[in-house]
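Asks: Just a sequence and a predicted model for now, questions to come.
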Amino acid sequence: MPIIAIVFGAIFLLALFAVFFVIGGYNKLVTLRNRFKNAFAQIDVQLKRRYDLIPNLVETAKGYLKHERGTLEAVIAARNAASSANNNAAQNPGDPTAMKALAGAEGALTGTLGRLFALAEAYPDLKANQEMLRLMEELTSTENKVAFARQAYNDSVMVYNTQREVFPTNLIANSFNFAAAELFVVEKAEEKELPKVSFS
């Protein structure tokens, strides 16, 4: 009788340990997933600020760049596409399709802004416009904040993905459908650079 009680006691303790292990692993994955979603929310805030600045920038430049309508329209179209991609990514941060679409749209927006800034260099009156200078400074500051927020997001995703891939947590991750999260990476080298702003 005592041997049976010891065996049942050992089995009970092992089962209890397994339950606590699963609960602990599950809770850790939930915590890490929430961290990278929060990190994306910080990117979202900065990107929305960026998207709000761009129409003002275009309106300010419009009076000076009357013959550059195509560039101004391209900036607005790229801004709208990036804003839409950001809204999709914000609904499910980490989703590979949404994050790749956002990275591509952000790269296209950065490229069109770069063309706008290059054009603005050729217009001395625009370069001297105080509103344009203020908007450019705010946009540059926002670009820096986006870069820092993106790094924090990528760090959080890396920790989450590592945790969901290591044994034995990967068994819990697969059992409870914790999908891998996608990094927010700008693919092309020319898209990694912030627009150069120099009105001096």
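Replies: Here it is on my side, so go on.
Asks: Restricting to C-alpha, output stretch 152-162 in PDB.
Replies: The C-alpha coordinates for stretch 152-162 follow below in PDB (Å, rounded to 0.1, in the frame of the first residue of the first chain):
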ATOM      1  CA  ALA A 152      12.700  48.500 -29.900                       C
ATOM      2  CA  TYR A 153      10.000  46.600 -31.800                       C
ATOM      3  CA  ASN A 154      12.600  44.400 -33.600                       C
ATOM      4  CA  ASP A 155      14.300  43.700 -30.300                       C
ATOM      5  CA  SER A 156      10.900  42.600 -28.800                       C
ATOM      6  CA  VAL A 157      10.100  40.400 -31.800                       C
ATOM      7  CA  MET A 158      13.500  38.700 -31.600                       C
ATOM      8  CA  VAL A 159      13.000  37.900 -27.900                       C
ATOM      9  CA  TYR A 160       9.500  36.600 -28.600                       C
ATOM     10  CA  ASN A 161      10.500  34.500 -31.600                       C
ATOM     11  CA  THR A 162      13.500  33.100 -29.800                       C
END
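Asks: average pLDDT for that stretch?
Replies: In this model, stretch 152-162 has an average pLDDT of 97.
Asks: now do stretch 52-64
Replies: 89.
Asks: Buried residues, it. List them.
Replies: Neighbour-count burial for stretch 52-64 flags 53-54, 57-58, 60-61, 64 (criterion: 16 or more other Cβ atoms under 10 Å). Where C-beta positions appear, they are placed from N, C-alpha and C, glycine not excepted.
Asks: Strands - which of those residues land there?
Replies: Residues of the buried residues of stretch 52-64 located in strands (DSSP state E): none.
Asks: Redo those residues as a markdown table? Include distance to residue 14.
Replies: Formatted as a markdown table, these follow (distance: Cβ to Cβ, whole Å):
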| residue | distance to residue 14 |
| --- | --- |
| 53 | 59 |
| 54 | 60 |
| 57 | 64 |
| 58 | 66 |
| 60 | 70 |
| 61 | 70 |
| 64 | 75 |
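Asks: Tell me the one of these nearest residue 87?
Replies: Among the buried residues of stretch 52-64, residue 54 lies closest to residue 87 (Cβ to Cβ), at 15.5 Å.
Asks: Okay, and the residue lying closest to the closest one once chain neighbours are set aside sits in which element?
Replies: Nearest in space to residue 54, with sequence neighbours left out and distances taken as Cβ to Cβ, 6 or more residues apart in numbering, is residue 79 at 4.6 Å. Per DSSP states H and E: residue 79 is located in helix 69-91.
Asks: now that helix: mean pLDDT?
Replies: Helix 69-91 shows a mean pLDDT of 94.
Asks: what's it packed up against?
Replies: helix 2-62, helix 96-121 (3 or more Cβ pairs under 8 Å, 6 or more residues apart in numbering; DSSP states H and E).
Asks: Serialize these to TSV and add fields for distance to residue 178.
Replies: What follows is the helices and strands packed on helix 69-91, written out as TSV (distance: least, Cβ to Cβ, whole Å):
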stretch	distance to residue 178
helix 2-62	5
helix 96-121	14
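Asks: which one of the ones you listed has the most crowded surroundings?
Replies: With neighbours defined as mean count of other Cβ atoms under 10 Å, those peak in mean count at helix 96-121, which reaches a mean of 19.
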